[in-house]
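A.B. asks: The following comprises the amino acid sequence and a computationally predicted model.
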Amino acid sequence: MEEAPQSNEVINLTTFRGQYSISPPISNGGDNRRFAVDENGGYDVNGRASRSSAVLSGYDTMDTPPNYDFYANTEVFGRTRKIRPSLFQLHSNPEDDSSPPPLYEETSGNKESPEDELAEPPPEPTRFGWVQGVMIRCMLNIWGVILYLRLPWITAQAGIGLTWVIILLSSCITGITGLSTSAIATNGKVKGGGTYFLISRSLGPELGGSIGLIFAFANAVAVAMHTVGFAETVQALMQESGTSMVDPLNDIRIIGVITVTCLLAISMAGMEWESKAQVLFFFVIMVSFANYIVGTIIPATPQKQAKGFFSYRADIFAENFVPNWRGPGGSFFGMFSIFFPSATGILAGANISGDLKDPNVAIPRGTMLAIFWTTVSYLIISATIGSCVIRDASGSLNDTLMSGPGAEDCLGLGCSYGWNFSDCITNKTCTYGLSNYYQTMSMVSGFAPLIAAGIFGATLSSALACLVSAPKVFQCLCKDRLYPVIGFFGKGYGKNDEPYRSYLLTYVIAVCFILIAELNTIAPIISNFFLCSYALINFSCFHASITNSPGWRPSFRFYSKWASLVGAVVSVIIMFLLTWWAALIAIGIVIFLLAYVLYKKPSVNWGSSVQAGSYNMALSQCVGLNQVEEHIKNYRPQCLVLTGPPSLRPALVDFVGTFTKNQSLMLCGNIVVGGPSPDAVDAANSSSHVAWLNKRGIKSFYHGVVADDLRTGTQMLLQGAGLGRIRPNVLMLGFKKNWTKCPPTSIENYIGILHDAFDLQYGVCILRMKDVLDLSYQMQAHVNPGFDPATEPGLDARNISTSMDPESLIAMTQPSTVFQTKQEKKTIDVYWLFDDGGLTLLLPYLLKRKKRWGRCKVRVFVGGEIQHAEEQKQELTALISKFRLGFHEIQILPDINEKPQPEHVKKFEDLLGPYRAHAMQKNGERGAQTFSECPWTVSDEDFEKNLAKSFRQIRLNEVLKDYSRDAALIIVTMPIGRRGACPSALYMAWLETVCRDLRPPVLLVRGNQENVLTFYCQ
């Protein structure tokens, strides 16, 4: 063997073709490119491969080792994307096909021009790690004004002990949600869209779309809420200093609009500037926390003691450890409902998932650490403030405790430290202390303005986080186009794909609510919107886990499906605890948006857990049916319909779909005649057939097979279609109207299909229309050679059978058929000439139950004798009445056994003439060959043996013309020809004769001779 070159250049595979070579190089017509392995084990179109692919494998083979490109759906700039070879390319022999498919697949990267190769790569967008992108962002969004202004008051009401319970319970709920978010975020590559992306890709577009819309709106309004909180603080400081612009309300509006405009400018400047601003706010809040802790350690001045601050005291801690409920909202759940919104905001990092370096790592780590550190901060502040400040104080320096008379009547814990607040405690006029003064943290701190700066940082950072989250979520929702009109706002700009249009929309919404300045009503709804998101995230994790889908493989393992379920239930309960009417509004909006998406049925497929759950339920129910024995009362005609491509026989599809819809199984079978080539397999399994059925509103399955001929394919369907008890028991096909122009072998195959169905205990139905049932010639598309062979000699049936573009099936106009319209007040005439088990009667009953056929009257005709006609009618009426079918008009046909008209007999003989044995012998064919190799021929003996049956079919056609000329539908018991005793041409002539020259549609029915009707109740 030649020595491999030592350079790193890419070399040709043929250089190392050795003793293990299994196939020669494959040419592709005039294309000189060849499929080859590149240096990383992938494939390119340049006909070259690396040393590793040829030398190290020992074989000249197309197989390659695993490669990232085979599983990714994105491309790397400057590198051609590698394509895994198909199974056909690996195992087929190119010498068997003179024109094999190309052994390469081009991508956009394959068409690089020299100019493209020299072009600079696109600029890398800004990406953030887990600290700056998630943890800091979540912590800032969790911290808010409640931390500074309401936590001390909650501690006074609930006591340190129950306050810790409230904090831990809230953090437990948000922690469970964080674990669920982490699990979902690590179950595959996460793109932009945050909460909406996680829920929609897990639960599907229905719930994901509704939550995405209201979550984006909630974030937009939350911008106004946090901005107004900032504006109110600034306005209060202005009022203390005696300054004002207009009046307090308009001052808040002016400050709010100016503030949100500045925040918009920061956001639109780019994520880098926004992130730097968040870091600045984080630093300010940390300084304010340190300032507070230092203030608790500094000895209290008389001014602070008058306001209730005495530094750390054990007895103050003990006094404040127990609850002291006050006011109408003084209860555990009242305090919980006030505090819980301050624990939210855990999705701020996930909402910018598209801007993270590695969302699968950043979201779990940053979110969980943010929950941990904010919980610790809440616990510390609650414990420290409750250990330093008493509940009631007057703030007056004159309320010091004097020794002498009355000292023993002093009330409150201040008495122990030389202060007498008895008057304000008794009169409930105390203005300071934990229970009365919201600015207690500012009073305790070492430098009060730093607490005000912390409040500014908390409100502005939360507003900025929401101002970024809402457009990011809304942009992803717009790109999915689940709702109309909003697609305009999905366009992105710049290297970060910034949604500037969504930014402006969020800004307009925020300004509108700032100008309204009445947020007390809308605030509970916003909180409930966030809780809806938490509930659905938890339910998404639970549902994905409970379905046991192989696709649920999160790398984050520290979650529990039952904890997620508890988190979802508790989130819904909290919604009603906060504000029951707001919970009803939020749930109502979700249901409305959910119903809209369910109605529109967007064509998206994200592999959601709902799909996995549907599969599990269907599989479980199918397996469960195996334990139930079949019963006549539960019999349903489950139809295997030989439609070919369903779009080419819409009348047959519509007719069967009418009585099987929401009632029984319908399975459209398509047999592609030819070898198992990729084109034939694609034609048989194309999803466009199912899309066409869905577009037409037909509830049917589709099953395509590739076979050498129609009969072989039908045998495959008859024996292999269905699942367990849900399998076809009736074969439905169209009448072969052009059988006289077809080769005799085609007739033999058609009749052979009927015999095969009878052998497999199928019922058989044949539908004949006056108009053409097959539309393939009008469409100049797919032709199934088994039904409608090519009329041009030498036309390749294999090419015809796969010539239709599958996508054109959906795009073409839906043809209308007689079975789509509401039937007039006509009749459905049933000729129950032979007892087949009752299928002939059951089908018209099922049709009559449908609204389209409800106005029609069913008439039942039965053959009989003229001298016993009345007795036979009474017997048949009694029998049918026991079946409870509602058929009351029954007629006896005594003249059906008469001889047919001579001219009609002559037509039948002329029809059968070309297939008679003596006619074929006149054409020069030998008798031995006629009977052994041409089983469709009709000998004189066969003709005479079946003459009575032939006359009966001719006479039946005359009766049909007399009685059912104006019927809406004629259902006739189909005659059966014995295998081997009745040639296929004679049997075909019988079927032709029965329904010839009839205007109404004719359905030939033959059950499998087993009961499908019963008049017993068990």
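C.D. replies: Happy to help now that I have it. Not measured: the values here are computed from a predicted model.
A.B. asks: Now do the contacts for D480.
C.D. replies: Under the criterion of CB atoms under 8 Å, 6 or more residues apart in numbering, the contact list for D480 reads 200, 205, 209, 602, 604. All C-beta spots, glycine's among them, are computed from the backbone N, C-alpha and C.
A.B. asks: Please, where are all the helices along the stretch 851-1000 of the chain?
C.D. replies: Assigned by DSSP state H, counting those that start in this stretch, the helices in the stretch 851-1000 of the chain fall at 869-883, 902-912, 917-922, 927-933, 940-945, 947-963, 984-994.
A.B. asks: Make a markdown table from the ones you listed and add distance to S549, mean neighbour count and mean pLDDT to it.
C.D. replies: Supplementary listing: these in a markdown table, determined by distance: least, CB to CB, whole Å; neighbours: other CB atoms under 10 Å; pLDDT from 0 to 100:
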| stretch | distance to S549 | mean neighbour count | mean pLDDT |
| --- | --- | --- | --- |
| helix 869-883 | 46 | 14 | 88 |
| helix 902-912 | 59 | 14 | 91 |
| helix 917-922 | 62 | 15 | 61 |
| helix 927-933 | 56 | 12 | 53 |
| helix 940-945 | 60 | 13 | 87 |
| helix 947-963 | 55 | 18 | 92 |
| helix 984-994 | 49 | 24 | 92 |
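A.B. asks: okay if I get those helices as a markdown table plus distance to L237?
C.D. replies: Converted to a markdown table, these look like this (distance: least, CB to CB, whole Å):
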| stretch | distance to L237 |
| --- | --- |
| helix 869-883 | 88 |
| helix 902-912 | 104 |
| helix 917-922 | 111 |
| helix 927-933 | 107 |
| helix 940-945 | 110 |
| helix 947-963 | 97 |
| helix 984-994 | 96 |
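A.B. asks: D315: which of those is closest?
C.D. replies: When the helices of the stretch 851-1000 of the chain are ranked by distance to D315, counting by CB to CB, first place goes to helix 869-883 at 90.3 Å.
A.B. asks: Which elements pack onto that closest one?
C.D. replies: Applying 3 or more CB pairs under 8 Å, 6 or more residues apart in numbering; DSSP states H and E, one finds that helix 869-883 contacts strand 857-863, strand 889-893.
A.B. asks: what ranges do the helices span in the stretch 401-550 of the chain?
C.D. replies: Counting by DSSP H, counting those that start in this stretch, the stretch 401-550 of the chain has these helices, from start to end: 422-427, 440-444, 448-480, 500-516, 519-546.
A.B. asks: so who does V257 touch?
C.D. replies: Taking CB under 8 Å, 6+ apart as the definition, contacts of V257 comprise 511, 514-515.
A.B. asks: and the gap between it and M271?
C.D. replies: For V257, the distance to M271 under the criterion CB to CB, to the nearest Å works out to 24 Å.
A.B. asks: go on, V570?
C.D. replies: When distances are taken as CB to CB, V570 and M271 turn out to be 34 Å apart.
A.B. asks: and if you look at L467?
C.D. replies: In this structure, L467 lies at 12 Å from M271, with CB to CB as the measure.
A.B. asks: sorry, back to before: which one of the helices and strands packed on helix 869-883 lies nearest to C742?
C.D. replies: Put simply, out of the helices and strands packed on helix 869-883 the one that sits nearest C742 is strand 857-863, at 32.3 Å, with distance taken as CB to CB.
A.B. asks: Just want the angle from that closest one to helix 947-963.
C.D. replies: Strand 857-863 runs at 150 degrees relative to helix 947-963, counting by axes from the mean of the first three to the mean of the last three CA atoms, to 10 degrees.
A.B. asks: center of this structure, which residue is that?
C.D. replies: Closest to where the C-alpha atoms of the chain average out (CA atoms, centre = their mean) is G204, at 4.0 Å.
A.B. asks: if we can go back for a sec, L467 and M271: which is more packed in?
C.D. replies: The residue with more neighbours, out of L467 and M271 and counting by other CB atoms under 10 Å, is L467; that gives 26 against 21.
A.B. asks: okay, now the residue lying closest to the more buried one once chain neighbours are set aside: neighbour count?
C.D. replies: Excluding its sequence neighbours, the residue lying closest to L467 (CB to CB, 6 or more residues apart in numbering) is V223, at 4.9 Å. Neighbour count for V223, taken as other CB under 10 Å: 30.
A.B. asks: before we move on, what about W562?
C.D. replies: The local packing count at W562 equals 10, with neighbours defined by other CB under 10 Å.
A.B. asks: repeat for V566
C.D. replies: Applying the criterion other CB under 10 Å, we find 16 residues in the vicinity of V566.
A.B. asks: so where does it fall, helix or strand?
C.D. replies: Using DSSP states H and E, V566 sits in helix 561-578.
A.B. asks: What residues of that helix count as buried?
C.D. replies: Neighbour-count burial for helix 561-578, with 16 or more other CB atoms under 10 Å as criterion, is recorded at 561, 563-568, 570-572, 574-575, 578.
A.B. asks: what's the closest of those residues to P983?
C.D. replies: Closest approach between those and P983, by CB to CB: K561, at 65.8 Å.
A.B. asks: quick one, helices of the stretch 101-250 of the chain?
C.D. replies: Remark: helices assigned in the stretch 101-250 of the chain by DSSP H, counting those that start in this stretch are 114-118, 130, 136-142, 145-149, 151-185, 194-203, 205-240, 248-268.
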